[in-house]
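> build the 3D model from these lines:
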Amino acid sequence: MTGADPGLFGPESVTWQLHGDPVMWIAGVRALYLQALHPRAVRGVMQNSDFRRDAWGRLMRTADFVGTTTYGTTEAAERAGARVRKIHRMLTATDPDTGERYGVDEPALLMWVHCAEIDSYLQVARRSGFRLTDAEADRYVAEHRQSARLVGLDPVAVPGNRAEMAAYFEKVHPDLAAGPEAREVDDFLLRPPTHPLLVPAREVLWRRVAHLAYASLPPYAHELYGRPAPAPATVTRQLRLAGILLRRIPARVRWQLPPKHILRAMARLGPDARPAPYKLGR
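Here you go, the predicted structure:
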């Protein structure tokens, strides 16, 4: 549709194609596991929200933010970013060991949350069979300097390719630990509160998602949590199978889930804006 606003990324971006893939839900859970290993960052979450009571709400709000910034108008994305920055400015956390009080919008904490999320999306997508060249993977990381800016980071300081992302994780590694808050996140992800009638579904479906998300973490994360995972090649095979099964669900069915970001983007920009992996590399 001529003249319609493509948003921050637009239909030609790697982000537009990748974020429409159903394995993003597994990637989102991996991101939570990884983010929880930064004690200062996860403390900010746990001390400012009832995570155990509202973890689903938090997960859905994160998904809505990603959907809005990926497929919404530029104005909607900027508005979502402003809302996040405003909330973060008002929140603080306390280090129980030192008594230090600090803002949750410290650049180092925002950087960790951002990098853990983008790395999780990229790693899970590629290992599950979503075809990206190395150049496209680098482009994806670079595109998300935009989302980093929205939450209050200086885009120039944010990793812009996979090598810079790897160097960042190497640098921050000594700060990571599986503290009490990480254990609480782990416990929730394995056994989320569920209506008694849904417990069997939780055991059959959700536990598989949580275990696969955990298994896809880097080896140092498994060491910190103290729980082993299958060999990387086995995990990659499991992710590929999950990708095949999830992608068999018709896109139009998946996209009907509220708040229908992709369908609204296609209504705004026309049917050619439909995200699809085959559009990469054209």
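> now do the contacts for the nearest residue to residue 154 once chain neighbours are set aside.
Counting by Cβ to Cβ, 6 or more residues apart in numbering, residue 154 lies nearest to residue 107, which is 7.5 Å off, once chain neighbours are set aside. Using the backbone N, CA and C atoms, a C-beta is placed for each residue, glycine as well. Residue 107 is in contact with 152, 153, 154, 157, counting by Cβ atoms under 8 Å, 6 or more residues apart in numbering.
> could I get the full set of helices for the stretch 151-282 of the chain?
162-172, 180-190, 199-201, 207-215, 219-225, 232-247, 251-254, 261-269 (DSSP state H, counting those that start in this stretch).
> hmm, which of the contacts of residue 107 are the buried ones?
Members of these that pass the buried threshold by neighbour count (16 or more other Cβ atoms under 10 Å) are listed as 152, 153.
> so which of the contacts of residue 107 is the closest to residue 35?
Taking Cβ to Cβ as the measure, residue 35 lies nearest residue 153 of those, at 15.1 Å.
> so the closest one versus residue 67, what's the distance?
Using Cβ to Cβ, to the nearest Å, one obtains 20 Å as the distance from residue 153 to residue 67.
> state the helix or strand in which residue 93 lies.
When elements are defined using DSSP states H and E, residue 93 is found to belong to strand 92-94.
> run me through the strand neighbours of the helix or strand following that strand, direction for each.
On the C-terminal side of strand 92-94, the nearest following helix or strand under DSSP H and E is strand 101-103. On the basis of DSSP bridges, the sheet neighbours of strand 101-103 come out as strand 92-94 (antiparallel).
> how about the partner strand: buried residues?
Taking 16+ other Cβ under 10 Å as the basis for neighbour counts, the residues of strand 92-94 that come out buried are residue 93.
> likewise stretch 76-91?
76, 77, 80, 81, 84, 88.
> let's see which of the residues you listed end up in helices.
Under the assignment DSSP state H, the buried residues of stretch 76-91 contribute 76, 77, 80, 81, 84, 88 to helices.
> the second one contacts residue 150, doesn't it?
Yes. Counting by Cβ atoms under 8 Å, residue 77 touches residue 150, with 6.7 Å between them.
> overlap in contacts, those two.
If you check residue 77 and residue 150 against Cβ under 8 Å, 6+ apart, the residues they both contact are residue 69.
> neighbours around residue 252, how many?
Neighbour count of residue 252, defined by other Cβ atoms under 10 Å: 10.
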